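J.: Everything below, folded, please.
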Amino acid sequence: EAAVVDTDVTAGNALDVNARSEQNIKARTIAGSVAVAGGSVGVAVSGSGAGVENRIATDVSAHISGSQTDVIANHVIVNADDISTIDAVSAALSISAAFGQTAVAVSIGISVSINNIANDVAASIDSGARVTTSGADGVTVTASTPELLAAGSPTAFTLTGITASQLNDASTSDMDSNDAPVAADVSGDAAIAATLKSNLNTGQFGLKGDLRVSTVEEDLSWTVVDGEGTAVALTLDNGQIKATRANINAVSAAAALAVAVGQVGVGIAGAGAVALNAIQTNVQAFVDNATLVANNEGDVLIDARSASEINATVLAVSAAVAAGQVGIGVGIGVSIAKNFIGRDIAGNLVTDAGQVSAYAQNSSINAQGDLDIVANSEQSIRALTFAGAVAVAAGQVGVGVAGAGVYAENHIDATTEAFINGDGATGVRADAILVEAHDSSLIKAVGAAAALSAGFGMVGVAVSVGVSIGFNAIGSTVHAYISNADTAVE
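T.: Purely as a prediction, here's the structure:
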């Protein structure tokens, strides 16, 4: 909190009341298990589970308040910024192998990632405070997540010297006939990563160590992760590659492999990955029951901005192999992703969550320059969800069953509003008045399920099922208005 409360302040230059909060959680949870059994009867059971839960909840407040407060300065700035990020990786790997006259191998891997950010960010002049400025910059009241660059500035950093084809190349490895990495490709990828790192750090992303590039959608979007787990989302937009630091970067992955060889061989593998991500942050910039005077063509700016972003990758892969006189292989992969902005982690609507508000309420404003009241939402969800299952069975009787399922649910429910409600004792006056609310929220989701089964033998049975279900909804509301102005707004 940064505040001036019931205090007189006279400044020859600028008075800057600035609250900046920066929280970062980097979590990696990896679990693995291996089971091997042999004998007349060989039974191997292996299971691993990885789970991570991260939550950030804080208040960020900058304000000038109180009926005893009288501020005189060349320029007055009240600013609150929230830079909260969660980088979470959860991975589980399970392997089982059984050999014997009767061989049974069971392998299960489960990964769960839960991440939640619920902050309140507010910048205000309120509760009877009086502010008078003498410079052209006048009065500025701003609140944002992530940190506000400047009024009208983009929230994304634009890369130079890097192309989409280079990013595609850096995310894949070329292999030679011996299944070894091609040296020229390795050095080329390293050079691309070095250029990318230098470029991103020019934009103050602070990346450290080696970079890993992953393609989310070829030629369109990528994810870059540094040596400490910090993730940056890259997107091709109107011919330019934009880089943004998502509030939540979550990776949940699970893999299971089961191998059974015997006169009777049964292999069962199951992998499940779940990611639940939610942001309920509110951003407000306002003047309430206060008096502002901006002399000498001074402007008044009230600006609230949110560019909250969730970047989620959820992967589940299972493989089962069974060989014997009777071979039965079963592989199941399930991947679930739920991402919410303006809702809680369970997907329930939350009152007064996900609000972006800029307003003047019951306040007198006299600006000899312009009065701009602007609320801007650029909230986004980018999700990649994949499940794969393979089952192979060979024998006199071979039965292979594979099933893969994906469920992805993404919601953005935000209220973006800019308004003047009430005009105080002396009205609201300026050379020009702008009251604007804008919402460009975006959901970009890719979901895929793949199942492959094979059965070999005198009797061969193969069954494979792949199901992918996706639900995306943006239920945001946008308001811009002037009301209850019984004195004057002109």
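J.: could I get the strand or helix carrying L167 in PDB with only the CA atoms?
T.: Assigned by DSSP states H and E, L167 belongs to helix 164-170. Taking C-alpha atoms only, helix 164-170 is exported to PDB below (Å, rounded to 0.1, in the frame of the first residue of the first chain):
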ATOM      1  CA  ALA A 164       7.900 -18.100 -37.300                       C
ATOM      2  CA  SER A 165       9.900 -20.700 -39.300                       C
ATOM      3  CA  GLN A 166      12.900 -20.200 -36.900                       C
ATOM      4  CA  LEU A 167      10.600 -20.800 -33.900                       C
ATOM      5  CA  ASN A 168       9.200 -23.900 -35.600                       C
ATOM      6  CA  ASP A 169      12.700 -25.100 -36.200                       C
ATOM      7  CA  ALA A 170      13.900 -24.500 -32.700                       C
END
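J.: helices or strands up against that helix?
T.: For helix 164-170, the packing partners by 3 or more Cβ pairs under 8 Å, 6 or more residues apart in numbering; DSSP states H and E come out as helix 183-202, strand 212-217. Using the backbone N, CA and C atoms, a C-beta is placed for each residue, glycine as well.
J.: The last one pairs with which strands?
T.: Partner strands for strand 212-217, per DSSP bridges, with pairing direction: strand 221-225 (antiparallel).
J.: Just want the angle from the next helix or strand after the strand it pairs with to strand 212-217.
T.: Downstream of strand 221-225, the next assigned helix or strand under DSSP H and E is strand 231-237. Relative orientation of strand 231-237 versus strand 212-217 (axes from the mean of the first three to the mean of the last three Cα atoms, to 10 degrees): 40 degrees.
J.: How far off centre is strand 231-237?
T.: Averaging C-alpha positions (Cα atoms, centre = their mean, to the nearest Å) puts strand 231-237 12 Å from its chain's average.
J.: any idea of the mean pLDDT for it?
T.: Taken as a whole, strand 231-237 has an average pLDDT of 84.
J.: what is the orientation angle of the helix or strand that comes right after that strand with strand 221-225?
T.: Toward the C-terminal end, the helix or strand that comes next after strand 231-237 (DSSP H and E) is strand 240-244. Angle between the axes of strand 240-244 and strand 221-225 is 40 degrees (criterion: the same axes, to 10 degrees).
J.: Direction included, what does strand 240-244 pair up with?
T.: Assessed with DSSP bridges, strand 240-244 is paired to strand 157-158 (antiparallel), strand 231-237 (antiparallel).
J.: Helix, strand, or coil at the residue most central in space within the chain?
T.: In the chain, the residue lying closest to the centroid (Cα atoms, centre = their mean) is I310, at 1.7 Å. Classification of I310 by DSSP: H, G, I helix; E, B strand; the rest coil places it in strand.
J.: Pull out the buried residues from the helix holding L167.
T.: By neighbour count on 16 or more other Cβ atoms under 10 Å, the buried set for helix 164-170 is A164, Q166, L167, D169, A170.
J.: How far off centre is it?
T.: On the basis of Cα atoms, centre = their mean, helix 164-170 sits 22 Å off its chain's mean C-alpha point.
J.: show me what contacts S48?
T.: Going by Cβ atoms under 8 Å, 6 or more residues apart in numbering, S48 touches A31, G32, S33, A92, L93, S94, I108, G109, I110.
J.: give me the element I162 is part of.
T.: Counting by DSSP H and E, there is no helix or strand that carries I162.
J.: From what I see, it and A194 are in contact.
T.: No: with contacts counted by Cβ atoms under 8 Å, I162 stays clear of A194, the gap being 11.1 Å.
J.: neighbour-wise, which of these two wins?
T.: The residue with more neighbours, out of I162 and A194, is I162; 17 against 12, by other Cβ atoms under 10 Å.
J.: and the more buried one, backbone torsions?
T.: As for I162, its main-chain torsions (degrees, to the nearest 10) stand at phi -130, psi 130.
J.: pLDDT wise, what is L349 at?
T.: The score at L349 is 89. That number is its pLDDT.
J.: Setting aside sequence neighbours, what's the nearest residue to it?
T.: Leaving aside its chain neighbours, L349 sits nearest to R343 (5.7 Å; criterion: Cβ to Cβ, 6 or more residues apart in numbering).
J.: which of the helices and strands packed on helix 164-170 is buried the deepest?
T.: Highest mean neighbour count among the helices and strands packed on helix 164-170 (mean count of other Cβ atoms under 10 Å): strand 212-217, with a mean of 17.
J.: Relative to the whole chain's centre, how far out is that strand?
T.: On Cα atoms, centre = their mean, the centre of strand 212-217 falls 15 Å from that of its chain.
J.: contacting residues around Q166?
T.: Contacts of Q166 by Cβ under 8 Å, 6+ apart are I192.
J.: Any figure for the gap between it and F205?
T.: 18 Å (Cβ to Cβ, to the nearest Å).
J.: Also S113?
T.: 22 Å.
J.: just the strands in the stretch 51-200 of the chain please.
T.: 59-65, 70-73, 75-117, 120-126, 130-133, 139-145, 157-158 (DSSP state E, counting those that start in this stretch).
J.: which of S113 and F205 has more neighbours?
T.: Taking other Cβ under 10 Å, S113 and F205 do not tie; S113 has more neighbours (30 against 18).
J.: surely A337 meets F386?
T.: No: applying Cβ under 8 Å as the test, A337 and F386 come out as separate, 9.9 Å apart.
J.: Compare the two and say which is more crowded by neighbours.
T.: Neighbour count, other Cβ under 10 Å: between A337 and F386, A337 has more, with 29 against 22.
J.: Give me the pLDDT value at that one.
T.: Looking at A337, its pLDDT stands at 92.
J.: okay, the angle between the strand or helix carrying it and strand 75-117?
T.: Using DSSP H and E, A337 maps to strand 326-341. Interaxial angle of strand 326-341 relative to strand 75-117 (the same axes, to 10 degrees): 160 degrees.
J.: which strands and helices sit next to strand 326-341?
T.: Using 3+ Cβ pairs under 8 Å, 6+ apart, the elements in contact with strand 326-341 are strand 248-279, strand 309-323, strand 380-394, strand 397-412, strand 442-456.
J.: which residues are in contact with the helix or strand just after that strand?
T.: Downstream of strand 326-341, the first helix or strand assigned by DSSP H and E is strand 355-361. Here strand 355-361 makes contact (Cβ under 8 Å, 6+ apart) with 282-289, 302-306, 373-377, 414-422, 428, 437.
J.: Name every strand pairing with the helix or strand just after strand 355-361 and say which way it goes.
T.: Downstream of strand 355-361, the next assigned helix or strand under DSSP H and E is strand 364-377. Note on strand 364-377: by DSSP bridges, its sheet partners are strand 291-294 (parallel), strand 300-306 (parallel), strand 428-439 (parallel).
J.: can you give me the mean pLDDT across strand 364-377?
T.: Across strand 364-377, pLDDT averages out at 94.
J.: could you check the angle strand 355-361 makes with it?
T.: In terms of direction (the same axes, to 10 degrees), strand 364-377 departs from strand 355-361 by 170 degrees.
J.: Strand 364-377: which residues count as buried?
T.: Buried residues in strand 364-377 (16+ other Cβ under 10 Å): 364-377.
J.: got it, and stretch 443-461?
T.: 443-447, 449-457, 460.
J.: could I have that stretch exported to PDB, CA atoms only?
T.: C-alpha atoms of stretch 443-461 as PDB (Å, rounded to 0.1, in the frame of the first residue of the first chain):
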ATOM      1  CA  ILE A 443      -9.700 -17.900 -26.000                       C
ATOM      2  CA  LYS A 444      -7.400 -20.000 -28.100                       C
ATOM      3  CA  ALA A 445      -7.700 -23.700 -27.400                       C
ATOM      4  CA  VAL A 446      -6.400 -26.800 -29.200                       C
ATOM      5  CA  GLY A 447      -7.600 -30.200 -28.000                       C
ATOM      6  CA  ALA A 448      -6.700 -33.600 -29.600                       C
ATOM      7  CA  ALA A 449      -7.200 -37.200 -28.700                       C
ATOM      8  CA  ALA A 450      -5.400 -40.100 -30.400                       C
ATOM      9  CA  ALA A 451      -5.900 -43.900 -29.900                       C
ATOM     10  CA  LEU A 452      -4.100 -46.700 -31.600                       C
ATOM     11  CA  SER A 453      -4.700 -50.400 -31.000                       C
ATOM     12  CA  ALA A 454      -3.400 -53.500 -32.700                       C
ATOM     13  CA  GLY A 455      -4.100 -57.200 -32.200                       C
ATOM     14  CA  PHE A 456      -2.100 -60.000 -33.800                       C
ATOM     15  CA  GLY A 457      -2.800 -63.700 -33.800                       C
ATOM     16  CA  MET A 458      -5.100 -66.500 -35.000                       C
ATOM     17  CA  VAL A 459      -7.700 -64.400 -33.300                       C
ATOM     18  CA  GLY A 460      -6.900 -60.700 -33.300                       C
ATOM     19  CA  VAL A 461      -9.100 -58.000 -31.800                       C
END
